[in-house]
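[1] Got a predicted model here, sequence first, then my questions.
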Amino acid sequence: MQELKLQFLKELAAAKTAEALEAVRVKYMGKKGIITNFTKTKDLKTLSSEAKQAFYREYNDLKSFAADQLKKVVPAPGGAAAAAKKGGAIDLTAPGAGRRLGALHPITLTQIELEHIFEGMGFSVYYGPEVESEYFCFEALNIPSDHPARDMQDTFWLKNNLILRTHTSANQVRTILKAGAPLRAIFPGRCFRYEAIDPSHENTFYQCEGLVIDKNISVANLIAVMKTILGEVFRREVKVRLRPGFFPFVEPGFELDLNCLICGGKGCPTCGDGWIELIPCGLVHPEVLRHGGIDPNEYSGFAFGIGLTRLAMMKYGIRDIRYLNGGDLRVNEQFSTIL
Ligand code: PHE
């Protein structure tokens, strides 16, 4: 449903004329619309009654969300044009009907752009759950429960022993199990950590994970893909540096830092010393491949975790991460014409 929602929003934002908006309305919410008929495409008989309830709750939210969005942009029948057609009087002093266009959040814009770029390079897009098991978030990634690397990620635990995923890497083994090798995929999404909040740290943030598995993959492939992506996102040459970094699920592991685009690398409250840690990455650890049922002697791969929130900040010059979750519409409204 999340995918459907994004797809609907993308098309809605792209529709610039009344006809195009009407076409989007019919496609999604008309009698034969995709959202209207979404439940018919699913086999719900096998679901428990709780699961069914949750499904319908989400579905109803999606429906009212889509209806609200449409209400904001599709002009209601009536108004001056209709009055003129009927030959009725027009009140020329009445204020115009005005069309309030919503705006996509800068993180959503950056996510959509990244998805386009990666899709152009043959990557598939997967979205995993935000409430995750310890197994996929840690164990499958070579971080057993007694490993000190667990301390690197301050985790929100739920009462039922599930957790809020601390990184999109939780999708790595999930996706390998589903799609097998060879694989070229990204998994953008929201992550959560029990963080002290400052201009560049939030308890809720977005990452875009990438995973490539194939024969004879090397660090050269990783660097080439990273450079291509950053060039496409910023549409200009940017300075990066690669340093060693430790993550138990890659070997060797790196930190790819971006020269800060807010201060030009001089150092500022957003970056500190002129560099922003943007893309931790490395070659997939053989243990991770094994957890996915793949023979590390046959396949190798690379993985990277783009800081999607940070990328949006760098791209649009947003100095403080707190603006992004602050709920102040003046932040979003500045982006209404970008897509
Ligand atoms: N998941 C790691 C983090 O959030 C980043 C990472 C992703 C590192 C992929 C290496 C490879 O800190």
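    Good, I have the coordinates. Note that the structure is predicted; figures quoted are calculated from it, not measured.
[2] The ligand contacts on the stretch 51-200 of the chain?
    On the criterion Cβ under 6 Å from any ligand atom, the ligand has as its neighbours in the stretch 51-200 of the chain the residues His167, Ser169. For glycine as for every other residue, the C-beta is placed from the backbone atoms N, C-alpha and C.
[3] hey, where'd the helices end up in the stretch 51-200 of the chain?
    According to DSSP state H, counting those that start in this stretch, the stretch 51-200 of the chain carries its helices in the segments 79-85, 106-120, 134-137, 171-179.
[4] Smallest gap between this protein and the ligand, at which residue?
    Nearest residue of the chain to the ligand, counting by Cβ to the nearest ligand atom: Gly305, 2.8 Å away.
[5] What pLDDT is listed against that residue?
    At Gly305, the model reports a pLDDT of 96.
[6] Then Ala82?
    In this model, Ala82 is scored at 56, pLDDT.
[7] next one: Thr337
    Thr337 is assigned a pLDDT of 63 by the prediction.
[8] With Cys271 instead?
    Per-residue confidence for Cys271 comes out at a pLDDT of 87.
[9] residue ranges for the strands of the stretch 51-200 of the chain, please.
    Taking DSSP state E, counting those that start in this stretch as the test, the strands found in the stretch 51-200 of the chain are 124-125, 131-132, 163-164, 183-192.
[10] Adding mean neighbour count and distance to Arg243, write these out as CSV.
    Compiled in CSV, the strands of the stretch 51-200 of the chain are given as follows (neighbours: other Cβ atoms under 10 Å; distance: least, Cβ to Cβ, whole Å):
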stretch, mean neighbour count, distance to Arg243
strand 124-125, 15, 29
strand 131-132, 18, 29
strand 163-164, 20, 29
strand 183-192, 22, 23
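[11] Using CSV, please lay out the helices of the stretch 51-200 of the chain together with mean neighbour count and distance to Gln153.
    What follows is the helices of the stretch 51-200 of the chain, written out as CSV (neighbours: other Cβ under 10 Å; distance: least, Cβ to Cβ, whole Å):
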stretch, mean neighbour count, distance to Gln153
helix 79-85, 12, 54
helix 106-120, 18, 20
helix 134-137, 19, 8
helix 171-179, 21, 15
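[12] ok so, going back, quick check: angle from the helix or strand hosting the residue of the chain closest to the ligand to helix 171-179?
    Taking DSSP states H and E as the criterion, the element that holds Gly305 is strand 300-307. Compare the direction of strand 300-307 with that of helix 171-179 by axes from the mean of the first three to the mean of the last three Cα atoms, to 10 degrees and you get 130 degrees.
[13] Go ahead and measure how far stretch 301-317 is from the middle of the chain.
    The offset between the C-alpha centroid of stretch 301-317 and the centroid of the whole chain comes to 10 Å, using Cα atoms, centre = their mean, to the nearest Å.
[14] Return it as PDB; C-alpha atoms alone will do.
    Output in PDB follows, covering the C-alpha atoms of stretch 301-317 (Å, rounded to 0.1, in the frame of the first residue of the first chain):
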ATOM      1  CA  GLY A 301      28.700  -8.200  -3.500                       C
ATOM      2  CA  PHE A 302      28.800  -4.700  -2.200                       C
ATOM      3  CA  ALA A 303      26.400  -2.800   0.100                       C
ATOM      4  CA  PHE A 304      25.900   0.800   1.000                       C
ATOM      5  CA  GLY A 305      23.700   2.800   3.200                       C
ATOM      6  CA  ILE A 306      23.100   6.300   1.800                       C
ATOM      7  CA  GLY A 307      22.000   8.700   4.500                       C
ATOM      8  CA  LEU A 308      18.800   9.800   2.700                       C
ATOM      9  CA  THR A 309      18.000  12.500   5.200                       C
ATOM     10  CA  ARG A 310      21.500  13.900   5.100                       C
ATOM     11  CA  LEU A 311      21.500  13.700   1.300                       C
ATOM     12  CA  ALA A 312      18.300  15.800   1.200                       C
ATOM     13  CA  MET A 313      19.900  18.300   3.600                       C
ATOM     14  CA  MET A 314      23.000  18.600   1.400                       C
ATOM     15  CA  LYS A 315      21.000  18.800  -1.800                       C
ATOM     16  CA  TYR A 316      18.600  21.500  -0.700                       C
ATOM     17  CA  GLY A 317      20.900  23.300   1.800                       C
END
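[15] tell me which residues of stretch 233-247 are tucked away?
    Taking 16 or more other Cβ atoms under 10 Å as the basis for neighbour counts, the residues of stretch 233-247 that come out buried are Val233, Val240, Gly245, Phe247.
[16] Show the average pLDDT along stretch 186-200.
    Averaged across stretch 186-200, pLDDT comes to 93.
[17] Off-centre distance for it?
    Averaging C-alpha positions (Cα atoms, centre = their mean) puts stretch 186-200 12 Å from its chain's average.
[18] How about stretch 202-210?
    From the chain centre to the centre of stretch 202-210 is a distance of 8 Å (Cα atoms, centre = their mean).
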